[in-house]
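# sequence? don't have it. structure:
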């Protein structure tokens, strides 16, 4: 499974694409379903640090609603969630970097 920060970055990228050109996205691609499943799985897990999956869950819900209904109101929710998703993606990257640094320092002490 890829790093959470990578999954969130992929969701940011896909969300931006949908928001930029919603007319090109009449239905969800298979890659979105896989990404949504990965986000749901990560969100269900206990958080080791600051939880960084809330905005991703909102984004997945908003995009899923848009794909199901083709209603622009879902796009408004996705647009509102995008800055939060970016911030959580950044926090996930920081969490992962700190965890790797901690693992290295503990390994050096052994």
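Perfect, I can see it now. Values in this document were obtained by computation on a predicted structure and should not be read as measured data. Residues are numbered from 1 along each chain as shown.
# and residue 48, how many neighbours?
Residue 48 has 8 neighbours, counted by other Cβ atoms under 10 Å. Bear in mind the C-beta positions are built from the backbone N, C-alpha and C, glycine included.
# How is it assigned, secondary-structure-wise?
Following DSSP: H, G, I helix; E, B strand; the rest coil, residue 48 is assigned to coil.
# Contact partners for it?
95, 99 (Cβ atoms under 8 Å, 6 or more residues apart in numbering).
# Which strands or helices does the helix or strand that contains residue 75 pack on?
Assigned by DSSP states H and E, residue 75 belongs to helix 72-109. Counting contacts by 3 or more Cβ pairs under 8 Å, 6 or more residues apart in numbering; DSSP states H and E, helix 72-109 packs against helix 4-20, helix 54-69.
# TSV please, covering those helices and showing mean pLDDT.
Compiled in TSV, the helices and strands packed on helix 72-109 are given as follows (pLDDT from 0 to 100):
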stretch	mean pLDDT
helix 4-20	96
helix 54-69	96
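# Tabulate those (TSV), appending distance to residue 37 and mean neighbour count.
As requested, these are arranged in TSV below (distance: least, Cβ to Cβ, whole Å; neighbours: other Cβ atoms under 10 Å):
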stretch	distance to residue 37	mean neighbour count
helix 4-20	10	18
helix 54-69	9	19
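# Indicate which one of those is closest to residue 100.
Of all these, it is helix 4-20 that lies closest to residue 100, at 11.4 Å by Cβ to Cβ.
# Can you check what angle separates that closest one from helix 72-109?
160 degrees (axes from the mean of the first three to the mean of the last three Cα atoms, to 10 degrees).
# residues in contact with stretch 87-100?
The contact list for stretch 87-100 (Cβ under 8 Å, 6+ apart) reads 3-5, 8-9, 11-12, 48-50, 52-56.
# So what's the residue count around residue 70?
Around residue 70 there are 14 residues (other Cβ under 10 Å).
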